[in-house]
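# Here's my sequence, what's the structure:
(chains A and B)
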Amino acid sequence: MDILYKVFVEPFVFMGEAPDLLIQTLWEGLVSGVLYALIALGFVLIFKASGVFNFAQGIMVVFAALILVGLYEKGVPAFLALILAAAAMLVLAVVVERVVLRPLVNQPDIILFMATFGLTYLLIGFGELIFGGNPREMITGALFLPQGTTEIDALGGSIRLQHLDIAAAVIASIMIGLLAVFFSKTRIGRALRAVADSHKAALSVGISLNQIWVIVWFAAGLVALVAGIMWGARSGVSFSLQIIALKALPVLILGGFTSIPGAIIGGLIIGVGEKVGEFYWGPLVGGGVETWLAYVIALLFLLYRPQGLFGEKIIERI
Amino acid sequence: MSFRKLSLKLVAASLLAGTALPAFAQDSIYVPLFTYRTGPFAGSGTFIADGMHDYLEMLNQRDGGIGGVKLVIEECETGYDTKKGVECYEAVKGKNPVMVNPWSTGITLPLIPRASVDKIPILSMAYGLSASARGDIFPWVFNPPATYWDGMSMIIKYIGEKEGGLDKLKGKKIGFIHLDAAFGKEPIPLLQEMAKEIGFEVALYPVAAQDMQNQSSQWLSARRDRPDYMIMWGWGTMNGAAVKEAVRSGYPMDKFYSVWWPSEDDARSGGAGAKGFKTLNWHAVGANFPAIQDIQKHVVDKGLSKAGKDKVGEVLYNRGVYNSLLIAEAIATAQKLTGKKAVTGEDVRRGMENIKLDPARLKELGLEGFTDQLVLSCANHNGHRPAFMQEWDGTKWVKISNPIEPLTDRVKAQLDAAAKDYAEKNAGWPKRTEACDKAS
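Here you go, the predicted structure:
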């Protein structure tokens, strides 16, 4: 009975007793969720256009952030470094399309997936060769990202809101909004959706697959750059950030591999779910549930919606 | 030249190089260094690797090695990965290494049973298995100058003194944020035992390696539990991220303590809010020592170091220097004991057991005042030396305490029990047959 009380009653009683901590936990979860969503978005963009699960998305986050910080450390002004980092992601997109994707056209998806594994290790090695393995600080001040904390006394306690977290939520939302407009309102965006629906049909109406792949990898690179800046500002830029990117996997399982709204909603559910789970139920098992809870949440959703929350329901004739 | 011919020549050259190795080993001393300049722990590993390498290279450049014998220094990149660390060990053990420095508790643990078989001493300097301080049970393992258990007892003692005595910790809550790996868990048994004896409460906050840069949950939990003090056992990017999160969550930094691993970069990452953060240390920070000046002159200025000039003298760089000081001293002592120049792993094991780094010897080595004295023996492979507390003032570490002796009376019984337990659990654990030198 005691364990049932600890699992089903005590956490909710505590939520009621300390509502400020509940709000704080939800806020932390939302911020993490937005950042997970940003990383997941990069995966979704590429998967939608090419059917490739880009394992290299995590290292692209690190790589983009390192280029930005590295250039700044060499004396390049911050905003020029930002533009150059974006340009580097464009170069990467072109190289990936020419060297990796084009020679592998018509190969099974698993081959392309394995190619992105190779790309991951190549970028790790290349990144470490150029920038070294030491963690670096994100150039938060130079990019005029807000710092500091607002402490709100409310609900019998206090809620601490980091200005950087607020900025991260706003910037990520703007980024997601821009991508949504790009996909639905522009000619290239419509072409991307056409490629996502059917490569053959897209080719038949004159859409260049190669061009689309470059655009989509570049878009994923830009998303990686923004994610790298935001994560880097929170906890530093290092190669271990790429491990956090794997948190996008349960987000994708939950939201569906092909849905941008799915990536966003999935990110928020996972972010909030893991923080609430760790905070209220973690102590029952000695803590550390955050690492696997995201996968449990995703699997629970899968039981009811195997295609994810917003994924395409695939019906195949057999 | 055809590709076939070129390949054959390359194979032949490789074979010749391989057969040449033993002859090469006769007039040199092979010192492999297990390092990690890549991966999530490179932020700590790189500075230590630089310090270790540069001190030994300085001896080569300045003195022609040790006792006139050149040191062959070879790094093996482990990435702080246990599997790769064991691979490194297998790769170097055939080259007659005089000592192995795993630089990871996780790597140290599987090497402990191999050391006595392969006759290669292991130096796990202030990390690894605390119980391996017992030289009678672990003749091939050395972990000076203090074990993790000593370190934990020093922090508790320091906190206790702040409160007005250890007994005043009764009813207090101490949070322990740690890497969820062998290293981070190592002091938990002692902490829990002390909590039971003294009457304080312990709240554990494990941080998985993949979440080192995503610690908001742990610090939220700390806000919920309101620990009176937080103690950290972190490594790599975990340390800097923890300092940042502590500042973000508004935890009072003067109540935040760590074992001896955070670097200047880790503290710096918390910005101005990190002031007051404290860590243990047992050696000086800075480059104002003749031996370190010699490193600058003979290694850094000649472009033989991978370290940036501004990093020489920082805390983890000097930690690497200390590690190599022990290696060099063990080799020099082994040369004296055996009369041989090109000593072996067996000789250096004896050398370690006879290390006597007193103030006079430290002065002779150009490291006067760099660290406290260290004397090891046949039975005592650790020294259980005191450390001091240093505080981050916003730009640098400042020593804020006198030497803090470990709570030996509390630690020793548990350490002895853990050593005995280890030997019993590992069936067939060999009884020590290595003779003790008279001096030790």
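# buried set for the helix or strand that contains residue A:178?
Using DSSP states H and E, the element containing residue A:178 is helix A:163-185. By 16 or more other Cβ atoms under 10 Å in any protein chain shown, the buried positions in helix A:163-185 come out as A:164-165, A:167-169, A:171-172, A:175-176, A:179, A:183. No exception for glycine: its C-beta is placed from N, CA and C like everyone else's.
# any chance of those residues in JSON lines, with pLDDT and distance to chain B too?
Output for the buried residues of helix A:163-185, formatted as JSON lines (pLDDT from 0 to 100; distance: Cβ to the nearest Cβ, whole Å):
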{"residue": "A:164", "pLDDT": "90", "distance to chain B": "9"}
{"residue": "A:165", "pLDDT": "90", "distance to chain B": "9"}
{"residue": "A:167", "pLDDT": "92", "distance to chain B": "14"}
{"residue": "A:168", "pLDDT": "89", "distance to chain B": "12"}
{"residue": "A:169", "pLDDT": "87", "distance to chain B": "14"}
{"residue": "A:171", "pLDDT": "90", "distance to chain B": "18"}
{"residue": "A:172", "pLDDT": "86", "distance to chain B": "16"}
{"residue": "A:175", "pLDDT": "86", "distance to chain B": "20"}
{"residue": "A:176", "pLDDT": "81", "distance to chain B": "21"}
{"residue": "A:179", "pLDDT": "83", "distance to chain B": "24"}
{"residue": "A:183", "pLDDT": "79", "distance to chain B": "29"}
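# JSON lines for those residues, including distance to residue B:106?
JSON lines is the format used below for the buried residues of helix A:163-185 (distance: Cβ to Cβ, whole Å):
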{"residue": "A:164", "distance to residue B:106": "34"}
{"residue": "A:165", "distance to residue B:106": "34"}
{"residue": "A:167", "distance to residue B:106": "38"}
{"residue": "A:168", "distance to residue B:106": "34"}
{"residue": "A:169", "distance to residue B:106": "37"}
{"residue": "A:171", "distance to residue B:106": "38"}
{"residue": "A:172", "distance to residue B:106": "36"}
{"residue": "A:175", "distance to residue B:106": "39"}
{"residue": "A:176", "distance to residue B:106": "40"}
{"residue": "A:179", "distance to residue B:106": "42"}
{"residue": "A:183", "distance to residue B:106": "46"}
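# right, and residue A:50 touches residue A:213 too?
Yes. The pair residue A:50 / residue A:213 is scored as a contact, 5.9 Å apart, by Cβ atoms under 8 Å.
# Contacts only, for the residue of the stretch 1-150 of chain A found nearest chain B.
For the stretch 1-150 of chain A and chain B, the shortest gap (Cβ to the nearest Cβ) falls at residue A:133, measuring 2.9 Å. Going by Cβ atoms under 8 Å, 6 or more residues apart in numbering or on different chains, residue A:133 touches A:238-239, B:36-39, B:42-43, B:45-46.
# so where do the helices sit in the stretch 51-200 of chain B?
Taking DSSP state H, counting those that start in this stretch as the criterion, the stretch 51-200 of chain B carries its helices at B:82-92, B:105-118, B:148-163, B:182-185, B:188-198.
# Get me the contact residues on the stretch 201-318 of chain A for chain B.
By Cβ under 8 Å from any Cβ of the partner chain, the residues of the stretch 201-318 of chain A that approach chain B are A:231, A:234-236, A:238-241, A:243-244, A:246-247, A:274-275, A:278-279, A:282-283, A:286-288, A:290-291.
# what does the stretch 1-150 of chain A give?
By Cβ under 8 Å from any Cβ, the residues of the stretch 1-150 of chain A that approach chain B are A:18, A:21, A:24-25, A:28, A:31-32, A:124, A:128, A:132-135, A:137, A:147, A:149.
# Kindly recompute the last result at 7 Å.
When proximity is defined by Cβ under 7 Å from any Cβ of the partner chain, the stretch 1-150 of chain A lies next to chain B at A:21, A:24-25, A:28, A:32, A:128, A:133-135, A:137.
# Filter these down to the buried ones, PyMOL style.
In PyMOL, a selection of the buried entries from the residues of the stretch 1-150 of chain A next to chain B looks like this (16+ other Cβ under 10 Å):
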select buried, chain A and resi 21+24+25+28+32+128+133+134+135+137
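# For the most centrally placed residue in chain B, give its distance to chain A.
In chain B, the C-alpha nearest the mean C-alpha coordinate belongs to residue B:125, at 3.6 Å (Cα atoms, centre = their mean). Separation of residue B:125 from chain A (Cβ to the nearest Cβ, to the nearest Å): 21 Å.
# host element of the residue of the stretch 1-150 of chain A closest to chain B?
Here residue A:133 is assigned to no helix or strand, by DSSP H and E.
# distance of it from residue A:69?
14 Å (Cβ to Cβ, to the nearest Å).
# and if you look at residue B:244?
16 Å.
# just residue A:288 next, same as before
Applying Cβ to Cβ, the value for residue A:288 to residue A:69 is 30 Å.
# and those two? which has more neighbours close in?
The neighbour count for residue A:288 versus residue A:69, taken as other Cβ atoms under 10 Å in any protein chain shown, is higher for residue A:69 (24 against 19).
# how would you label that one: helix, strand or coil?
Here residue A:69 is helix, with the state taken from DSSP: H, G, I helix; E, B strand; the rest coil.
# Show the contacting residues for it.
By Cβ atoms under 7 Å, 6 or more residues apart in numbering or on different chains, the contact list for residue A:69 reads A:136, A:138-139, A:237.
# Excluding residues flanking it in the chain, which one is nearest the residue in the stretch 151-300 of chain A that chain B sits nearest to?
Distances between the stretch 151-300 of chain A and chain B by Cβ to the nearest Cβ are smallest at residue A:240, namely 3.3 Å. Nearest non-adjacent residue to residue A:240, counting by Cβ to Cβ, 6 or more residues apart in numbering or on different chains: residue B:40, 3.3 Å away.
# still on that earlier bit, between the helices of the stretch 51-200 of chain B, which gets the lowest average pLDDT?
Lowest mean pLDDT within the helices of the stretch 51-200 of chain B: helix B:182-185, at a mean of 90.
# Contacts for that one, please.
Contacts of helix B:182-185 (Cβ under 7 Å, 6+ apart): B:105-106, B:109, B:127, B:178, B:233, B:235.
# Over to stretch B:206-213?
Residues outside stretch B:206-213 that contact it (Cβ under 7 Å, 6+ apart): A:235-236, A:238, A:240-241, A:243-244, A:287-288, A:290-291, B:40, B:177-181, B:215, B:218, B:236-238, B:241.
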